[in-house]
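*Asks:* How does the following fold in three dimensions:
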Amino acid sequence: MENPVDLTIDRIFILKMELKILNFRMIGCSKMTCSCVIKNINRTIMKKKLIFILFGILLMTFNSCENDEQIIYCQEILVLQKLAVNYFDENGNDLLFSNNPEFDVENISIYKESGGQKQEINYGINEETKSISIHLNQAPEEIFFIELEPNVIDEIRFEGILDDTRLPCEEYNIVKLFQNEMEVSYNNELSVWELKK
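*Replies:* Model prediction:
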């Protein structure tokens with residue numbers, strides 16, 4: 001006599017085969033042929049691939065939501081820092097923008113020296129604030145020259161520190177300015193560095 005457990009296992013196997021044959025017929029196969037088996041396998045594989053891809057996309061979406069860090073993109077172009085200066089005499093008289101200026105603001109030359117060559121620095125004249133706005137590269141320290149007249153030249157050096165509120169993008173704020181190695185004061189009311197002559 002056969003073991004009842006073996007009989008049950010055999011019966012389950014036969015039922016599974018009958019279900020597969022019914023499934024083949026439902027998808028358009030009249031017989032259990034090789035092409036029907038391949039077609040069924042391909043459909044099963046495609047379904048599993050689709051489920052895997054959708055699960056991956058879902059996982060990436062949830063994973064990206066967990067990261068609260070902001071991505072900060074720094075500007076790709078060179079950002080210039082502006083330095084506003086004006087010249088005053090010992091009595092506080094404006095030497096560039098007064099009614100009778102001692103120096104002609106239109107004839108000023110501002111430059112850097114590199115390898116014995118002069119490199120002009122761009123600047124603008126701001127009549128409203130009565131200052132010269134010098135456009136400088138971002139740097140912790142730099143030396144340049146202001147030529148008021150052919151024989152009246154000042155060496156200007158500035159020191160800058162990184163602005164912590166602008167990190168990770170480096171941007172320097174000028175904190176000290178020196179005219180011929182003498183520290184220059186900043187006028188908060190006029191928003192200019194006061195150079196003396």
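*Asks:* distance of the closest residue to Ser109 other than its chain neighbours from Glu113?
*Replies:* Nearest non-adjacent residue to Ser109, counting by CB to CB, 6 or more residues apart in numbering: Glu147, 4.2 Å away. Every residue, glycine included, has its C-beta placed from N, CA and C. Relative to Glu113, Glu147 is positioned 12 Å away (CB to CB, to the nearest Å).
*Asks:* okay, these two: which has more neighbours?
*Replies:* Set Glu147 next to Glu113 and count neighbours by other CB atoms under 10 Å: Glu147 wins out with 15 against 12.
*Asks:* Okay, and that one sits in which element?
*Replies:* Element membership for Glu147, per DSSP states H and E: strand 141-149.
*Asks:* Report the buried residues of that strand.
*Replies:* Glu142, Phe144, Ile146, Leu148 (16 or more other CB atoms under 10 Å).
*Asks:* ok, so of those, who is nearest Asp94?
*Replies:* Leu148 (13.3 Å; CB to CB).
*Asks:* pLDDT value on the closest one, please?
*Replies:* On the pLDDT scale, Leu148 is placed at 95.
*Asks:* Contacts only, for it.
*Replies:* For Leu148, the contact set (CB atoms under 8 Å, 6 or more residues apart in numbering) comprises Tyr87, Phe103, Ile108, Asp154, Lys197.
*Asks:* Widest-spaced pair of these?
*Replies:* By the measure CB to CB, these have their two most distant members at Ile108 and Lys197, which lie 12.6 Å apart.
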